[in-house]
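Asks: okay, predicted coordinates and the sequence, questions at the end:
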Amino acid sequence: MRFPNLLYAPVLALCAQPQLPDGPGKETVLKACATCHEIEAVISSRRTKIGWQLSVDDMVSRGAEGSDEEMAAVVEYLTRNFGKVNVNTASARDLEKALSLSAREAQTIQAYREKNGKIKDFEELRKIPRVSGEQLQAKRSLIAFSQ
Amino acid sequence: MKVIYAALLVTGMAYAQNDWPTFGHDLAGTRYSTLKQIDTKNVTTLVRAWTYHMNAGAPPPVAAAPAPGSSEANDAVEGRGRGRGGRGGRGGPGGGGNNEVSPLVIDGVMYITTGARKVAALEPETGKEIWTYDVTDGAPATRGLDFWPGDRQSPASVFFGTSTGKLIALNAKTGKPIPGFGNEGIVDMKPGALNGLANSSFGVSSPPIVYKNVVITGAHVQEGPSVGAAGDTRAWDAHTGKLLWTFHSVPRPGETGSETWKGDDWKNRSGTNVWGLFTLDAERGILYMPFGEPTTDYWGGDRPGANLFGTSLVAVDALTGKLKWYFQVVHHDTWDYDLCAPPVLFDVIQKGKRIPAVGQLTKTGYVYILNRVTGEAIYGVEEKKVPVDDAIPGDPAWPTQPIPVKPPSLARNSFTRQELATVTPELNKFCTELFDSIPGGLHVNGSFTHYSTTPSVIFPSSIGGGNWNPPSFDPSLGYLFVNTMDFGSLNVMVKSADGTRYSRSGYNGNNRFWEPESNMPCNQPPWGRLFAINVNTGDIAWQTTLGITDSLPADKQKTGRPNIGGSVATAGGLVFIGATDDSRFRAFDSKTGKELWVTKIDAGAHSAPITFQGKNGKQYVVVTATGGGFLGDRSHADTIIAYALP
């Protein structure tokens, strides 16, 4: 079945008018990243904080210039605005905030992983009782299982 | 033996066959060694001889999540594995900065550039440091360096570029800068390259190539915006660092190729650079330059025309930079299909005749086999019609592209909904929902589909097909060994706020056509392959999947994996290769393609291995494994690993 999926709407909205959200680190991102890539390419994928750190490390080894402090600011900015949340390491509070879950649902995920170990993939996450599968599906592009 | 002798003539090698004297083993870039101590019968007994940690002595890393499927087995092997942390002194999340170095081995010394901002000389039999040099301004080129034997005037030297545009010469014996080269061993490459734009990005990520007393350098410049530093190739005097010649990668008015640009579009145009690897016909003094595409990489609305020498293989006189011939692989490139793999030089033998040839791997998955003296295609190339109907407004598509008659494409180059992965029900569900997430589905339009204003699936992806992957060539078989991936991009073109241009963005938080947590592509496997091309016929001699998907059940794992990196071929009948994102190093039978040996390593080896014979008479195979990179490889380490027979 083919259907317009609402999940993708915010991304398309972003695509229609690409720009970096304001906030600390924005200017540094423009200086460190946008001299080599168009900014839309920089933010074309979401990553966890470690994912962004590794990506920035990689870019430094290929020529991105900036002080350690500036590169840390780049990682912070990109994580804040184009981040993913690792359901295996995030606090219940962070899960609640990032995935728009109830406090109880977030705590349920935390309790599940403490009891059962690392959540392997989305299918396992979605099967956790008393957590809205629909809500998780809607936020799937923000969810990571490693890094 | 005759064939091998001929190959040596071609390469013009002055070094012992037991060494690995330059990036591609020889200037021809064959990555072929006549060593045969390690062979098809004993390769399974290889053991790890030593491991060099680029960040040894650095502070421990900040905690990093375990890299899926990569670290446990290494720890068992080494008892330390990952976590020698602090990348390049910057305190990254663990394991050191990414590095893709192919070490050199000359006269009993190994030379490397590292991800820890060092250049080092090592004992090749032990991995112990002889000297190290700290790069204080930027990072040394990630793919390595080149060696020059010196003469009466200058000592033996190693040359390398940096991420901040310095060209540095070190005394090969001491690791100290050569005082007579540039300013105390350092040439600032930025003057003459920045097009008057002081803040434009300019660096070097690959080794220079040294021929006679000439050091030839490429450039690592921006993908966008359009205006920035020049991607010219330049040559420098090995004694003094004085600039000898410049080849304008974007021709100036009156120069050959300038007719492929309109008005002032050429002016201050960036990109169009050799960020990959050069090769050189030493006998004829011809330099081969694989150029990337002009800026910007996905939109050419401000550069109508074929845009020479973008995405072209160009041959020049190595001592003067004078153009001999060129061959454009993608006209008016808007796919980021940079040429970057080293153009491998070999002879094609037909009816007893020997044709001097060059083989160029591309991101499109085609390998172009050309006469390396004339630039003519040995097996034919046809200008074929490609889609124009899906080009974005204001950037008309070039109506044809040059497609080789042989060999066939070595990578998937189109996609339909019927080809969605069915590897697991979960993957199929994710990919189907992704494909159907907009009415009518994601945009696909056959081979050379354009990145459209509708989210688009493009095969091969912007990282290949082939990438900078250095192939290897076995002259006794006439086989060129090439690795590629069957991998797609997922992007959408977006209009700038002022409405004057377009740029590429991701879709749904992702820019690859895959499930981004499992890294499983959304197309049916194979996902990565290794090929042997018989250069004497242009046909595929054999092909096999390269890499496994650890998370799948055992009987489904042989999918092949996305890969970037290259191979080495030996007279022992072997092809060694890492490259894949499954943190493994493998050896294949060069005659049949059978995988003979595989070992788990500390991280993905997105690099090209080497081999040499040590002073102790042992043959070693060495590979750099640091994970990371453009494949989204979550493994991470700081290792250079050597293998030998027990």
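Replies: In hand now; what should we look at? Residues are numbered from 1 along each chain as shown, chains lettered A, B, ... in the order given.

Asks: residues touching the closest residue to residue B:288 other than its chain neighbours, list them.
Replies: Nearest in space to residue B:288, with sequence neighbours left out and distances taken as CB to CB, 6 or more residues apart in numbering or on different chains, is residue B:343 at 4.2 Å. Placement of C-beta: from N, CA and C, glycine included. Under the criterion of CB atoms under 8 Å, 6 or more residues apart in numbering or on different chains, the neighbours of residue B:343 are B:29, B:279, B:288, B:290, B:313, B:358, B:359, B:360, B:372.

Asks: give me the neighbour count for the fifth one.
Replies: With neighbours defined by other CB atoms under 10 Å in any protein chain shown, the count for residue B:313 comes to 23.

Asks: not including adjacent chain positions, what is the nearest residue to the closest residue to chain B within chain A?
Replies: Using CB to the nearest CB, the single residue of chain A nearest to chain B is residue A:44, 3.0 Å away. The shortest distance from residue A:44 to any non-neighbouring residue, by CB to CB, 6+ apart, is to residue B:506 (3.0 Å).

Asks: against residue B:363, how distant is that neighbour?
Replies: 19 Å (CB to CB, to the nearest Å).

Asks: residue 43: neighbour count?
Replies: In the absence of a named chain, chain A is used. For residue A:43, the number of neighbouring residues by other CB under 10 Å comes to 23.

Asks: to clarify, I was referring to chain B.
Replies: Around residue B:43 there are 22 residues (other CB under 10 Å).

Asks: show me the contacts for it.
Replies: For residue B:43, counting by CB under 8 Å, 6+ apart, the contacting residues are B:572, B:574, B:587, B:596, B:597.

Asks: show me the beta-bridge partners of the closest residue to the second one other than its chain neighbours.
Replies: Of all residues not flanking residue B:574 in the chain, residue B:587 sits nearest, at 5.0 Å (CB to CB, 6+ apart). When bridges are taken as DSSP bridges, the partners of residue B:587 come out as residue B:576, residue B:597.

Asks: how about the closest residue to residue A:77 other than its chain neighbours, what does it touch?
Replies: Taking CB to CB, 6+ apart, and ignoring the residues beside it in sequence, residue A:77 has residue A:25 as its nearest neighbour in space, at 3.0 Å. The neighbours of residue A:25, taking CB under 8 Å, 6+ apart as the test, are A:73, A:74, A:76, A:77, A:78, A:80.

Asks: which SSE is the third one in?
Replies: Take DSSP states H and E as the rule and residue A:76 turns out to sit in helix A:68-82.

Asks: distance between that helix and the chain's centre?
Replies: For helix A:68-82, the distance from its own C-alpha centre to the chain's C-alpha centre is 13 Å (CA atoms, centre = their mean, to the nearest Å).

Asks: any chance of the contacts of residue A:25 in a markdown table, with distance to residue A:31 too?
Replies: As requested, these are exported to a markdown table (distance: CB to CB, whole Å):
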| residue | distance to residue A:31 |
| --- | --- |
| A:73 | 10 |
| A:74 | 9 |
| A:76 | 15 |
| A:77 | 12 |
| A:78 | 14 |
| A:80 | 17 |
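
Asks: so which of those is the most crowded?
Replies: The most crowded member of these is residue A:74, carrying 27 neighbours; neighbours defined as other CB under 10 Å.

Asks: you'd agree that one is up against residue A:56?
Replies: Yes: using CB atoms under 8 Å, residue A:74 is in contact with residue A:56, at 5.7 Å.

Asks: quick one, strands of chain A?
Replies: Secondary structure of chain A, counting by DSSP state E: strands at A:85-86, A:143-144.

Asks: can you redo the ones you listed as TSV with mean neighbour count and distance to residue B:143?
Replies: Formatted as TSV, the entries for the strands of chain A read as follows, by neighbours: other CB atoms under 10 Å in any protein chain shown; distance: least, CB to CB, whole Å:
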stretch	mean neighbour count	distance to residue B:143
strand A:85-86	21	32
strand A:143-144	24	30
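
Asks: in a markdown table: those, plus distance to residue B:581.
Replies: Compiled in a markdown table, the strands of chain A are given as follows (distance: least, CB to CB, whole Å):
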| stretch | distance to residue B:581 |
| --- | --- |
| strand A:85-86 | 19 |
| strand A:143-144 | 17 |
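
Asks: save these as a markdown table, and put in distance to chain B and mean pLDDT too.
Replies: Written out in a markdown table, the entries for those read as follows (distance: least, CB to the nearest CB, whole Å; pLDDT from 0 to 100):
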| stretch | distance to chain B | mean pLDDT |
| --- | --- | --- |
| strand A:85-86 | 7 | 96 |
| strand A:143-144 | 6 | 96 |
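
Asks: with adjacent residues omitted, what lies nearest to residue B:175?
Replies: Ranked by CB to CB, 6+ apart and with sequence neighbours excluded, the top spatial neighbour of residue B:175 is residue B:131, at 3.4 Å.

Asks: actually, residue B:400.
Replies: Using CB to CB, 6+ apart and skipping the chain neighbours, the partner closest in space to residue B:400 is residue B:383 (4.2 Å).

Asks: the residue positioned nearest the centre of chain A and residue B:214, how far apart?
Replies: In chain A, the C-alpha nearest the mean C-alpha coordinate belongs to residue A:84, at 1.7 Å (CA atoms, centre = their mean). Residue A:84 sits 48 Å away from residue B:214, taking CB to CB as the criterion.

Asks: got it, and residue A:26?
Replies: Distance, residue A:26 to residue B:214, using CB to CB: 45 Å.

Asks: what's the distance between the residue of chain B found nearest chain A and residue B:43?
Replies: Per CB to the nearest CB, the residue of chain B with the smallest distance to chain A is residue B:506, at 3.0 Å. Here the criterion is CB to CB. By it, residue B:506 lies 42 Å from residue B:43.

Asks: next one: residue A:33
Replies: Residue A:33 sits at a distance of 44 Å from residue B:43 (criterion: CB to CB).

Asks: would you check that residue B:586 makes contact with residue B:594?
Replies: No: with the criterion set as CB under 8 Å, residue B:586 and residue B:594 do not qualify as a contacting pair; they are 10.9 Å apart.

Asks: those two: which is more packed in?
Replies: Under the neighbour definition other CB under 10 Å, residue B:586 and residue B:594 were set side by side, and residue B:586 has more, 23 against 12.

Asks: can you pull the pLDDT of the more buried one?
Replies: Among the per-residue scores, residue B:586 shows a pLDDT of 98.

Asks: same check, this time on residue B:4
Replies: So, for residue B:4, pLDDT stands at 47.
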